[in-house]
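Enquirer: sequence unavailable; structure follows:
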C-alpha cells in the first residue's frame, strides 16, 4: 500500500467522513450458539466476534484466586484477517492487546462474586481495518452482558488520532498507517471513567484534551448502540394479534 | 477435556438410532439445514461461511507468493490450517493445534490435494523460484458436531470464491479450480449408520468414516476415526450414502 498524497482533502477524510464522525458500525448481541454470551461487531471494515464462557472452573487450577474470579481475555486474529497472511497463534502484539482488553473490562466486573472461578473472554478478528482492539472491547462488553454476568456498566471503546494536524475520530487503515497519532480509548460512559488508554504519536496539550473529548463523544454513540443490541435480544415483544 | 454425556442421554440417543429415528426428528440419512455464504472477508482472496445446524465454520483463502518446495519446482503450494477456537466450545482450549484440529486440517487438505482440485502447476510464476502458495485457513466458530463436513464444504466454497490472479507481467484470468470434492462423514451408532452427527450423537458414536468424493462419484480421500470398527458391508453402504449426500451438498456451492 503506497502512502496517499493527502489524508485530508477540503476538511474531509479519504473515506468521505468529517473529522468527528465514526465509521458505520453494527452491534449484534448473542451472535454465536454455544458460548454463554456472545456478540458480533462491525466498525467500518472491522469484523469481530466475542464469546464469553463462565464463570466456570479454572484450569489450570493453580491460576485460580481464593477470593475472586479471574477475567481471562484472549485476542486473536484469523490468518486471513489482514493483507499479508498472519501466522496462526499468539504474538507479542496479541498478548499485549489481550492484557489491555482485560484491564479495560475489569473495572465494570464484580469479580468478587465468583471466587476460584474464571470468566473467559475470546475475541476473534475476522477482518481487520485499524481499531480491532476497540471493536473487540465493544464486542466483549456486550458478550459479558449477554452471558448474564453482573456488571456495573458496559465499556465502550473507540480510537482517536491525528492526521495532518487534524484530530480525527475512529481511524481507518490508511489513517492509522500514515497518520501522526493513534490513541485507542475505552470508557465507562456513564461515569466518564477511562479504562483503556494507549497512544503513539504526538499530541499537544490542546490536541490531547480535544481528542479525549472526541473519544468520549464516540464512546457515547457506541454505548447507545450496545444497549440497543442487548434490548433487541432481551426485550419481550407482545405477539401481534 | 471431554464433554460428559449422561448414561440416560447416551442410551436414549443410541436406542432411537437403533429404531431408525433421531432425537431431533431427522431421518438417519438427513443433514441438518446447510447454508453456504461466500465473499464475506475483504482481506481474504476467497472466503466462505458454512453453517450446518448450529455448527458454524468460516474459511478464508489467501494467496501469497513464495518459493516452491524443492521436490516440486513446477507446482504451487497448498497449505491447510485449522483452529478450533476456544469460543466455539467449552471444551476447546487455547494453545497450539492439538490432534483433533490437526486431523481436521489434514482431512480437508487430503480431499483437495488428492482430487487435484486445484491445478497447482498453473500457479507457477517462475519455475523453481517463485510460485503462488494457497493458504486455506479454517476458523471454527461454533461446534455442534460434524466439523469435517462443514470445514471441507467451506474450504471448497471459499476456493470457488477466489478471483483472478494478477502479478506484474503475469496474470491468470481464472483461479485454476478443476474439481469440487465434497466430504461426507458417516457415523456408526449402535450398529446403524447416520450422516451429519450433532455433537451429542458424536459423543455416543462407535466410529466414523469420512469419504470425500468428486463430481464423477469416485473417492479421493477417506479417514476413519474413533475406537469402533466397520464391517466391509458397512463401508460399502457408507460410500453409497456419502456419494448421494455429496451430490446434494455440491449443489449448494453454486
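Expert: Great, that's in hand. Note that the structure is predicted; figures quoted are calculated from it, not measured.
Enquirer: residue A:74 against residue B:93, yeah?
Expert: No. At 10.4 Å, residue A:74 and residue B:93 do not qualify as touching, with contact defined as C-beta atoms under 8 Å. Just so you know, the C-beta spots here come from the backbone N, C-alpha and C atoms, and that holds for glycine as well.
Enquirer: just say helix, strand or coil for residue A:161.
Expert: Following DSSP: H, G, I helix; E, B strand; the rest coil, we place residue A:161 in the strand state.
Enquirer: for it, list each beta-bridge partner.
Expert: Beta-bridge pairing of residue A:161, defined through DSSP bridges, involves residue A:168, residue A:182.
Enquirer: ok, the residue of chain A found nearest chain B to residue B:135 distance?
Expert: Here chain A gets closest to chain B at one residue, residue A:80, 2.6 Å apart by C-beta to the nearest C-beta. In this structure, residue A:80 and residue B:135 are 8 Å apart, going by C-beta to C-beta, to the nearest Å.
Enquirer: now residue B:174
Expert: To residue B:135, residue B:174 is 19 Å away according to C-beta to C-beta.
Enquirer: out of those two, which sits in the more crowded spot?
Expert: Legend: neighbour count by other C-beta atoms under 10 Å in any protein chain shown for residue B:174 and residue B:135, higher for residue B:135 (20 against 10).
Enquirer: helix/strand/coil for the more buried one?
Expert: Here residue B:135 is strand, with the state taken from three-state DSSP.
Enquirer: pLDDT value on it, please?
Expert: On pLDDT, residue B:135 comes in at 98.
Enquirer: what's around the residue nearest to it when sequence neighbours are not counted, how many residues?
Expert: Sequence neighbours aside, residue B:62 is the residue nearest to residue B:135 in space, at 4.5 Å (criterion: C-beta to C-beta, 6 or more residues apart in numbering or on different chains). Residue B:62 is flanked by 25 other residues according to other C-beta under 10 Å.
Enquirer: before we move on, what about residue B:45?
Expert: Every residue meeting other C-beta under 10 Å relative to residue B:45 is counted, giving 22.
Enquirer: what residues are bridge-paired with whichever residue of the stretch 1-150 of chain B sits closest to chain A?
Expert: The nearest approach of the stretch 1-150 of chain B to chain A comes at residue B:60, 2.6 Å away (C-beta to the nearest C-beta). For residue B:60, the residues forming beta bridges with it (DSSP bridges) are residue B:47, residue B:137.
Enquirer: was I right to think it contacts residue A:77?
Expert: No. The pair residue B:60 / residue A:77 is not scored as a contact, 11.1 Å apart, by C-beta under 8 Å.
Enquirer: where along the chain do the strands fall?
Expert: Since no chain was named, I'll use chain A. All strands of chain A, identified by DSSP state E, fall at A:8-9, A:12-13, A:25-29, A:37-43, A:46-57, A:70-77, A:117-127, A:156-163, A:166-169, A:181-188, A:193-197.
Enquirer: actually chain B
Expert: When assigned using DSSP E, the strands of chain B occupy the ranges B:34-38, B:46-52, B:55-66, B:77-84, B:124-126, B:130-142, B:165-167, B:170-172, B:182-189, B:192-195, B:207-213, B:219-225.
Enquirer: list the helices and strands the longest one packs on?
Expert: Of the remaining helices and strands, those touching strand B:130-142 by 3 or more C-beta pairs under 8 Å, 6 or more residues apart in numbering or on different chains; DSSP states H and E are strand A:117-127, strand B:55-66, strand B:77-84, helix B:99-114, strand B:124-126, helix B:147-160.
Enquirer: nearest to residue A:54, of these?
Expert: For those, distance to residue A:54 was read as C-beta to C-beta. The smallest value, 4.1 Å, belongs to strand A:117-127.
Enquirer: got the angle for the closest one vs strand B:77-84?
Expert: Regarding strand A:117-127 and strand B:77-84, their directions subtend 150 degrees when assessed with axes from the mean of the first three to the mean of the last three C-alpha atoms, to 10 degrees.
Enquirer: same for strand A:117-127, what does it pack against?
Expert: For strand A:117-127, the packing partners by 3+ C-beta pairs under 8 Å, 6+ apart are strand A:46-57, strand A:70-77, helix A:92-105, helix A:132-146, strand B:130-142.
Enquirer: dump these to JSON lines, plus distance to residue A:220.
Expert: What follows is those, written out as JSON lines (distance: least, C-beta to C-beta, whole Å):
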{"stretch": "strand A:46-57", "distance to residue A:220": "19"}
{"stretch": "strand A:70-77", "distance to residue A:220": "24"}
{"stretch": "helix A:92-105", "distance to residue A:220": "16"}
{"stretch": "helix A:132-146", "distance to residue A:220": "13"}
{"stretch": "strand B:130-142", "distance to residue A:220": "30"}
